[in-house]
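**Q** Next input, structure requested:
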Amino acid sequence: MIDLKEIDKTWTLFLDRDGVINYEEVGFYITRWEDFRFYDGVLEALRVFADRFGRIVIVTNQRGVSKRLMTEQDLQDIHFRMLEVIKLNGGRVDRVYYCIDLEDESPCRKPNPGMALQAKNNFPEIDFNRSVMIGNTMNDMTFGKKLGMFTFFISSNRTAPVLPHATTDAVFASLKGVSDLFTQ
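**A** Alright, predicted model coming up:
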């Protein structure tokens, strides 16, 4: 595992959304703001990360739009409100990237690297070897490892891989658990 003391403003944090930042029930979609609920400690964790990482981006697969369970405007509304709450609580997210494509082969759908490449295009200073991906699925872990990132698995609502694991560097119960390591 990486020595977290090495992480400074030259590093980028990539975060999955559902199951990491907000509650997720596997197989269901958050389709409106009223259904969006932050996990306990997430807002505090994002405040800690804002002080440590130079860039923080969310990369999230959002197939529910293409399944017509919600509109893209609904998704953007959720993200706008989420970012407002994060900011009001002293945190920061520099950009949200999302993929609404249905096909697993889509270049932007995790574990494919499209959203990370979009982030690098928008923020050329991003160095994937100086990046951490935090997610709650093996697709998130594979996404990060394909690009050379360190990967942290959040076991909020899924079974964590057994370590050591080829695509996962560490396992935590929550995002707050990760941020606690920065405050010790």
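**Q** So, low pLDDT: which residues of this protein?
**A** By pLDDT under 70, the chain has no low-scoring segment.
**Q** helix/strand/coil for Ala116?
**A** Secondary structure, DSSP: H, G, I helix; E, B strand; the rest coil: Ala116 is helix.
**Q** what about it, distance to Val96?
**A** Per CB to CB, to the nearest Å, Ala116 is found 13 Å from Val96. (Each C-beta comes from the backbone N, C-alpha and C, glycine too.)
**Q** Tell me which residues of the longest helix along the chain come out buried.
**A** Once the chain is assigned using DSSP state H, the helix that runs over the most residues is helix 72-88. Neighbour-count burial for helix 72-88, counted by 16 or more other CB atoms under 10 Å, picks out 74-75, 78-79, 82-83, 86.
**Q** Can you lay out the residues you listed as TSV showing distance to Ile21?
**A** Listed next are those as TSV, based on distance: CB to CB, whole Å:
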residue	distance to Ile21
Asp74	17
Leu75	14
Ile78	11
His79	11
Met82	7
Leu83	11
Ile86	9
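**Q** Helices along this protein, start to end?
**A** So, for the chain - with DSSP H - the helices run 42-52, 72-88, 114-122, 138-146, 175-182.
**Q** re the thing from before, in terms of secondary structure, what does the longest helix of the chain contact?
**A** Helix 72-88 is packed against helix 42-52, strand 95-99, with contacts defined by 3 or more CB pairs under 8 Å, 6 or more residues apart in numbering; DSSP states H and E.
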